[in-house]
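Chemist: Show me the folded form of this:
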Amino acid sequence: MSINSVYYHGSECRIYSGETSAVLPYTSVGEPFYIRNEGPDILTLNPPSGQTVDSESSMNMAVNDSFFLVPQDKNWVAVLNSAEKLTTDKIGFTAGSGGSVTQTGTINSAVTLNKPCGKITLVSHNYSNNDIQQFTLNNSHIDPDDLVLITLRNGDAKLYCQVVDTNDGSCNITVGDAHNQSTGSIVVVINFGIIKGDS
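Modeler: Take a look at the predicted model:
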């Protein structure tokens, strides 16, 4: 395990590199500390049995994410997010968080990409009069409360895309033709990003 521990303003700072998971200490013996993921993969923080981190059973850290974790009762609370998420000139995921997947088979074939954001390239299809096609995105980051945002990265002015439902570990996406004319055979590319929700 590659961990570099330094101190910042009197608090420990744990810098993880090349790791995909880390086990947090028990809050009863833990002091507040900084934690940073240097990548190249998402780092999953796992609290001890019976405890949570930010009210969840685990928490994912994207590449370059930093948090200040504080023990509160029997749980860990992230009270300071990465400065990169608080800038005035950008919002979203840091470099290395996303991925890409290319659909195979038919336009209705499911795709799998376990990243919080990314690119989906669909198989070539001719969208004719009011043609609506649906496929499933399998993604372990998706929960029913989440917002899955999608946009056409490459498509046609006649087309629209939308998420029609979200489930535990997946969502269904439709691409449709809103005009009474064919697009011809085209390859649609979709950008997506997952915003965590609660209800």
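Chemist: so how far is V188 from Y160?
Modeler: To V188, Y160 is 11 Å away according to C-beta to C-beta, to the nearest Å. Any C-beta I mention is one placed from the backbone N, CA and C, and that applies to glycine too.
Chemist: Now do the shared contacts for the two.
Modeler: Counting by C-beta atoms under 8 Å, 6 or more residues apart in numbering, the residues touching both Y160 and V188 are 152, 175.
Chemist: the more surrounded of the two?
Modeler: V188 (23 against 14; other C-beta atoms under 10 Å).
Chemist: Return the distance of stretch 21-33 from the chain's centre.
Modeler: Centroid separation for stretch 21-33 versus its chain: 24 Å, with C-alpha atoms, centre = their mean, to the nearest Å.
Chemist: so for it, what's the average pLDDT?
Modeler: Mean pLDDT, computed over stretch 21-33, is 86.
Chemist: same thing with stretch 111-121?
Modeler: So the average pLDDT for stretch 111-121 ends up being 95.
Chemist: do stretch 163-178 as well
Modeler: Mean predicted lDDT for stretch 163-178 stands at 95.
Chemist: quick one: low-confidence ranges for the chain?
Modeler: Applying pLDDT under 70 to the chain flags residues 1-9, 80-92, 94.
Chemist: measure the residue nearest the centre of the chain to Y160 for me?
Modeler: By C-alpha atoms, centre = their mean, the mean C-alpha position of the chain lies nearest to P116, the distance being 1.4 Å. Distance check for P116 against Y160: by C-beta to C-beta, it reads 24 Å.
Chemist: what comes up buried for stretch 13-30?
Modeler: The neighbour-count check on stretch 13-30 (16 or more other C-beta atoms under 10 Å) flags 13-14, 16, 19, 22, 24, 27, 30 as buried.
Chemist: In strands, which of these fall?
Modeler: Per DSSP state E, strands hold the following members of the buried residues of stretch 13-30: 13-14, 16, 22.
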